[in-house]
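Participant: make a model of this:
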Amino acid sequence: MSYFVDALAGATSLITQFDPETYQIVSTSLFISIIATLIAASLAVPAGIVTALNHFWGKGILQHLLNTLMAMPTVVIGLLLYGMLSRYGPLGHWDLLYTRTAVIIAETILIFPIIMNLTIAAVNAADSRLVPTLRSLGARGWQIAWHTAIEMRFAIIAAVIAGFGRAIGEIGAAMMLGGNIEGFTRTMTTAIALETSKGEFETGLALGMLLLLVTFILTFSLSWLQRSRS
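Facilitator: Below is the predicted model of the structure:
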């Protein structure tokens, strides 16, 4: 018991004294996850709105595919991207392996189906009179999509926050594609795994506490958005 208490005290000290190495890892993790979320959201939100507002052949198949991708193990995504980005892969000449860009690509692919699926669900949950009303007022095409997005903005923002939460907690693909390089591609999750395996429990615990803090902020934001909609 004393071992855990001492480790907890040491972890708290690292956090409160703003240990440079610890916060370097946190800033790297936040940077990668925020960029990946922005890219994924800029693609997934419009795609989700368009998909929800239109009827076309294969729509059901597309949604089944999105559900499958949401449940896909992250190591599979990491494996596929590793094969493409490795020296002998089709994209090997880009020299992206073991860079932040590679991790951002992986996290973008990982959270794209999450954000798109939740956006589709949000638009489908909108008032059934919304689209007919917009059409009766003369709105067409992108105008309908835009006003629908405005109307369902809280649910869409919640979808984006959910995607960010998934990105910040990613470890499998981040480890495979980023290489866990200190000061460059080491994120909170990969650092926790590394420090724990090295016996540096204090550092791993400090990072775990900060990751829990980020998670708490995310869940609080989601709860606030849900209350704002009601």
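
Participant: from here on, just use CA atoms for contacts and neighbour counts.
Facilitator: Fine.

Participant: skipping adjacent residues, who's closest to residue 208 in space?
Facilitator: Nearest non-adjacent residue to residue 208, counting by CA to CA, 6 or more residues apart in numbering: residue 192, 6.9 Å away.

Participant: now residue 207
Facilitator: Per CA to CA, 6+ apart, closest to residue 207 is residue 188, 6.0 Å.

Participant: how many residues are close by the one you found?
Facilitator: Residue 188 has 29 neighbours, counted by other CA atoms under 10 Å.

Participant: distance-wise, check it relative to residue 205.
Facilitator: 10 Å (CA to CA, to the nearest Å).

Participant: quick one, what contacts the residue nearest to residue 208?
Facilitator: 203-205, 207-208 (CA atoms under 8 Å, 6 or more residues apart in numbering).

Participant: and the helix or strand harbouring it, which residues are buried?
Facilitator: Using DSSP states H and E, residue 192 falls within helix 188-198. Neighbour-count burial for helix 188-198, counted by 16 or more other CA atoms under 10 Å, picks out 188-192, 194-195.

Participant: what's the average pLDDT for stretch 59-77?
Facilitator: In this model, stretch 59-77 has an average pLDDT of 89.

Participant: how about that stretch: buried residues?
Facilitator: 63, 66, 69-70, 74-75, 77.

Participant: what's next to stretch 65-82, contact-wise?
Facilitator: So stretch 65-82 is in contact with 97, 106, 110-111, 113-114, 116-117, 170, 172-174, 176-177, going by CA under 8 Å, 6+ apart.

Participant: centre of the chain versus stretch 166-176, how much separation?
Facilitator: Centre-to-centre, stretch 166-176 and its host chain are 9 Å apart (CA atoms, centre = their mean, to the nearest Å).
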